[in-house]
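Peer 1: could you work out the structure for the sequence below:
(2 chains)
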2 protein chains.
Amino acid sequence: MQDKQFSISEISQWIDREVSISGWVRHIRLSGSICFIDIRDGTGSVQAVVVENQVSKNTFVNCSRIKIETSLTVTGIVHTEPRAPGGFEIVVSDIVIAHIPEDEYPISKKSHGVDFLIEHRHLWIRSSRQLAILKVRSTLIQLLRSYFHDRGFVLIDTPILTGAIGESTGNLFETQYFDLGTAYLAQTGQLYLEAASSAFKNVFCFGPTFRAEKSKTRRHLTEFWMLEAEMAFCDSNCNMDVQEDMVCWVIEKITEVCKKELLFLGRELEPLKIVKPPFKRVTYEEAIEILRKEGFEIEWGDDIGGDEETVISERFEKPVFIYNYPKKVKAFYMKPNQDDSRTVLCDDLFAPEGYGEIIGGSQRNDDLDSLLRRIEDEGLDRLSYEWYLDIRRYGSVPHSGFGLGLERLLAWICKIKHVREAIPFPRLINRIYP
Amino acid sequence: MQDKQFSISEISQWIDREVSISGWVRHIRLSGSICFIDIRDGTGSVQAVVVENQVSKNTFVNCSRIKIETSLTVTGIVHTEPRAPGGFEIVVSDIVIAHIPEDEYPISKKSHGVDFLIEHRHLWIRSSRQLAILKVRSTLIQLLRSYFHDRGFVLIDTPILTGAIGESTGNLFETQYFDLGTAYLAQTGQLYLEAASSAFKNVFCFGPTFRAEKSKTRRHLTEFWMLEAEMAFCDSNCNMDVQEDMVCWVIEKITEVCKKELLFLGRELEPLKIVKPPFKRVTYEEAIEILRKEGFEIEWGDDIGGDEETVISERFEKPVFIYNYPKKVKAFYMKPNQDDSRTVLCDDLFAPEGYGEIIGGSQRNDDLDSLLRRIEDEGLDRLSYEWYLDIRRYGSVPHSGFGLGLERLLAWICKIKHVREAIPFPRLINRIYP
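Peer 2: Numbering: from 1, shown residues only, chains lettered A, B, ... in the order given. So this is what the prediction gives:
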């Protein structure tokens, strides 16, 4: 029943021909003997015009019953109409109504508080702005996957349920796993990707990731999507090269492919168009100096937090790498820096325009003994990591990788303030509904 | 450091030229003054030949230290060599060893029990057979995503952590969600896709899915990947049309793109090549008759289990739809069949060759009142479903969708016996390691 229909996005190909379009009513206006119905179908929207003396009496009477979010199928001839939004209209010959809401649609044109909107996220996603953001998201994901697939990276879906945790012992969601005790929801697929990179050399994963972190900022979700890549025979510089190439490629593509959506969102394209290699590479030490000059009370050894990220991020027109952080603020698996034993070989990539960290990467510790010491120092259960240590026992290689936070990247691309609008159904510390 | 290297898969383009290839030793044989090293790099494997009087003394001495899974970089000239596996060999001028294992590699050529292999899954994935299966998986996923993306379906990542469960009240993994009580790991993204299909018309999701089911069969994992699609203004027949088209398209493509891997796995291609439309559509009632003739003691109203699936699946050369099951064996959200109130409008697609169910689909109940009754009958918490009911309150439409079990599809395509080999790191009721 669906394949006989047309999409509004293709309407320009159907001028002067009859089409049937199924969708939902965004707006309706009855003006004497003419009724204007603004219909959306998920691919676009179009104005349908019902003229009293060109349709059956019943059809015109039905128009007065139609409310916002009524679902229907209209049949009619496509005309060019410069005065109509989009430049086309459908002159209706027939309307088949699927369903007229009994109640008023909860989301009206008046402004609603964000709590109300998130509580109605299942309806809010029908709004033009949310439709645009989520279409960019869908395209962005396809582009990112193609980037890696086309370059010979093998997709390795890493498990969510795991005994070996990746980042830190806190902030984990737990579940009872049959008779095997507690399982954790993965904070990262990295450890598994490392194993796979010794099989396939270049691998990636892209899935949901979990942090039971009590952070209530515009950059945090408890469940978010992360793209991770891992490359054997690749050092920290090589790692930054790949990140830079990927970000430049995907920004160029998305600006092309989703230009219409980005302009609709009011996103200026210039700041995206200048995202070309090379990105500046700033050491952690230099970053601390920058921050102190900006008036932050920050010392060598401190982590760089959200407010500091914003400030650094605003000082650069393009994304910028901050690299080689102190060991103590980073995860156990990072490779010590031979030139400065206080630091590890890692990088964070900050997006410009105040967006801050979108990628974290590092060269991994490929030495069995020092890695083992770090696992013990962290108080991790060594038995759960035996398989991870095997990667260093059998054909260990220099290898590096990174994780890209999808919602943070999308928030920057669409220039939206809070990552909660960058995912269809956000999970926040105070929200698991809808 | 990585981008100067070559991939073994591209070796035919480098005849008579010098290359450096980094990888792992699969096999080594020292024969007097010649040493043959079989190297894999994740893109393929090649034979490197070290001739004593053509390399430094040190390099040749090093050859005697090399063990299986040693990681190294060899430099040399590519020659065509009909006697070498693959038709090429590298005549080595230099070897740089990254790491020689201290211990013998645990996986040898002798046959290991499957428990041993799964316990060493992080190493087992380096074996040729597992490499081939996981490459097919990676390509299959990319193809499936492209199928939907290229047809205008919008990707909607549905949440894993949820209060509204999809399938049934049992078989759920639970976790404490901050102060909001218990959250469940999603068994399906369908309910959320339904909400999104009222925004975008055609949507899909593709992510990990969880069933805390104590099933220990060759078809069950506790964590698996499921592709789900949902289409507004699409009835049960339209739904089967889309499933048929998608399966035919993806089988044709994968047979082309991964021919090498499938042949390596010993997969006959004929049974895949005949997968063309139309697929037979058999009612549940007819299926019961078939099973009774085959000697099963099964009555109208019983569910069709694993053994029954196998038998039906073996009776058809192509995938076959079994449709319109009894209401009581299917989920609450399916639309009642107006022509037979005992049944619902649904379909299961069985793969041939004994593989059984790979897809489950249905037209969804779009009527508020009867859906509400079903939610109450099932003893589900109505408050968690208010948002789901809103889809029926505001512009309800006939809509349908389906879920495809990735590992089951892959198992059939590769003709492997157990789904545990169809996922990088399987999760079974008795396994969460590695």
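Peer 1: could I get the full set of strands for the stretch 251-400 of chain A?
Peer 2: Counting by DSSP state E, counting those that start in this stretch, the stretch 251-400 of chain A has these strands, from start to end: A:280-283, A:320-323, A:346-351, A:356-363, A:399-405.
Peer 1: pLDDT weak spots in the stretch 151-300 of chain A?
Peer 2: Counting by pLDDT under 70, the stretch 151-300 of chain A has low-confidence residues at A:164-169.
Peer 1: same thing but 80
Peer 2: A:164-170 (pLDDT under 80).
Peer 1: what about the helices in it?
Peer 2: A:190-200, A:236-257, A:259-264, A:270-273, A:284-293 (DSSP state H, counting those that start in this stretch).
Peer 1: which of these sits closest to B:Leu131?
Peer 2: B:Leu131 lies closest, by C-beta to C-beta, to one member of the helices of the stretch 151-300 of chain A: helix A:190-200, at 6.2 Å. All C-beta spots, glycine's among them, are computed from the backbone N, C-alpha and C.
Peer 1: and that closest one with strand A:356-363, angle?
Peer 2: 50 degrees (axes from the mean of the first three to the mean of the last three C-alpha atoms, to 10 degrees).
Peer 1: now for the closest residue to A:Glu285 other than its chain neighbours: which residues touch it?
Peer 2: Leaving out its chain neighbours, the residue that sits closest to A:Glu285 by C-beta to C-beta, 6 or more residues apart in numbering or on different chains is A:Trp300, at 6.8 Å. Contact partners of A:Trp300, counting by C-beta atoms under 8 Å, 6 or more residues apart in numbering or on different chains, are A:Glu285, A:Ile288, A:Pro326.
Peer 1: next SSE after the helix or strand containing A:Thr75?
Peer 2: Assigned by DSSP states H and E, A:Thr75 falls within strand A:71-80. Using DSSP H and E, the helix or strand that follows strand A:71-80 in sequence is strand A:88-99.
Peer 1: list the buried ones in the next helix or strand after that next one?
Peer 2: The C-terminal neighbour of strand A:88-99 among helices and strands, as given by DSSP H and E, is helix A:114-119. Buried residues in helix A:114-119, counted by 16 or more other C-beta atoms under 10 Å in any protein chain shown: A:Leu117, A:Ile118, A:Glu119.
Peer 1: do stretch A:331-342 as well
Peer 2: Here stretch A:331-342 shows A:Ala331, A:Phe332, A:Tyr333, A:Met334, A:Lys335, A:Pro336, A:Asn337 as buried, counting by 16+ other C-beta under 10 Å.
Peer 1: could you do stretch A:67-77 as well?
Peer 2: Neighbour-count burial for stretch A:67-77, counted by 16+ other C-beta under 10 Å, picks out A:Ile68, A:Glu69, A:Thr70, A:Ser71, A:Leu72, A:Thr73, A:Val74, A:Gly76.
Peer 1: in CSV, list those along with pLDDT.
Peer 2: Converted to CSV, those look like this (pLDDT from 0 to 100):
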residue, pLDDT
A:Ile68, 97
A:Glu69, 98
A:Thr70, 98
A:Ser71, 98
A:Leu72, 98
A:Thr73, 97
A:Val74, 96
A:Gly76, 97
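Peer 1: near chain B, which residues of the stretch 301-434 of chain A?
Peer 2: Proximity of the stretch 301-434 of chain A to chain B, by C-beta under 8 Å from any C-beta of the partner chain, involves residues A:366, A:384, A:387-388, A:390-391, A:393-398, A:423-425, A:427, A:429-434.
Peer 1: beta partners for the closest residue to A:Arg151 other than its chain neighbours?
Peer 2: With sequence-adjacent residues excluded and distances taken as C-beta to C-beta, 6+ apart, A:Arg151 is closest to A:Asn202, at 7.3 Å. Under the criterion DSSP bridges, A:Asn202 forms beta bridges with A:Met231.
Peer 1: so A:Asn202 touches B:Ser22, yeah?
Peer 2: No - A:Asn202 is beyond contact range of B:Ser22, at 11.3 Å (criterion: C-beta atoms under 8 Å).
Peer 1: point out where the stretch 1-150 of chain A drops to low pLDDT.
Peer 2: A:1-5, A:109.
Peer 1: apply 50 and report the result again.
Peer 2: Residues of the stretch 1-150 of chain A that meet the criterion pLDDT under 50 lie in A:1-3.
Peer 1: which strand runs longest in chain A?
Peer 2: strand A:18-31 (DSSP state E).
Peer 1: after that one, which helix or strand is next?
Peer 2: Downstream of strand A:18-31 (by DSSP H and E), the next one is strand A:34-40.
Peer 1: circling back to that earlier point, could I get the buried residues of stretch A:67-77 as CSV with distance to B:Lys273?
Peer 2: CSV is the format used below for the buried residues of stretch A:67-77 (distance: C-beta to C-beta, whole Å):
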residue, distance to B:Lys273
A:Ile68, 51
A:Glu69, 47
A:Thr70, 47
A:Ser71, 42
A:Leu72, 43
A:Thr73, 39
A:Val74, 43
A:Gly76, 44
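Peer 1: contacts only, for A:Glu102.
Peer 2: Applying C-beta under 8 Å, 6+ apart to A:Glu102 gives the contacts B:Arg393.
Peer 1: and the gap between it and A:Pro336?
Peer 2: According to C-beta to C-beta, to the nearest Å, A:Glu102 stands 66 Å off from A:Pro336.
Peer 1: next, give phi and psi for whichever residue of the stretch 201-350 of chain A sits closest to chain B.
Peer 2: Closest contact between the stretch 201-350 of chain A and chain B, by C-beta to the nearest C-beta, is at A:Lys201 (3.6 Å). Reported as degrees, to the nearest 10, the phi and psi values for A:Lys201 are phi 70, psi -70.
Peer 1: state the distance from it to B:Glu10.
Peer 2: Taking C-beta to C-beta, one finds A:Lys201 at 13 Å from B:Glu10.
Peer 1: shared neighbours of the two, anything?
Peer 2: Shared contacts of A:Lys201 and B:Glu10, counting by C-beta under 8 Å, 6+ apart, come down to B:Thr43.
Peer 1: with neighbour numbers in mind, choose between those two.
Peer 2: A:Lys201 (28 against 12; other C-beta atoms under 10 Å in any protein chain shown).
Peer 1: contact partners for that one?
Peer 2: Applying C-beta under 8 Å, 6+ apart, the residues near A:Lys201 are A:Met231, A:Ala232, A:Phe233, B:Ser22, B:Gly23, B:Asp41, B:Gly42, B:Thr43.
Peer 1: count the neighbours of the fourth one for me.
Peer 2: A count of neighbours around B:Ser22, defined by other C-beta under 10 Å, yields 24.
Peer 1: find the nearest non-adjacent residue to the closest residue to chain B within the stretch 251-400 of chain A, please.
Peer 2: Nearest residue of the stretch 251-400 of chain A to chain B (C-beta to the nearest C-beta) works out as A:Trp387 at 3.4 Å. Counting by C-beta to C-beta, 6+ apart, B:Pro434 is the residue found nearest to A:Trp387 once chain neighbours are left out, at 3.4 Å.
Peer 1: surely the one you found touches B:Phe425?
Peer 2: Yes - with contact defined as C-beta under 8 Å, B:Pro434 counts as touching B:Phe425 (6.5 Å).
Peer 1: what is in contact with the two at once?
Peer 2: In contact with both B:Pro434 and B:Phe425: A:Tyr192, B:Arg121, B:His122, using C-beta under 8 Å, 6+ apart.
Peer 1: give me the number of neighbouring residues for the last one.
Peer 2: This points to B:His122. That count, for B:His122 with other C-beta under 10 Å as the rule, works out to 25.
Peer 1: list the residues that contact it.
Peer 2: B:His122 touches A:Tyr192, A:Ala195, A:Trp387, A:Tyr388, A:Asp390, A:Ile391, B:Phe425, B:Pro434, counting by C-beta under 8 Å, 6+ apart.
Peer 1: just the second one next, same as before
Peer 2: Shown here is B:Arg121, whose contacts under the criterion C-beta under 8 Å, 6+ apart are A:Trp387, B:Pro424, B:Phe425, B:Pro426, B:Pro434.
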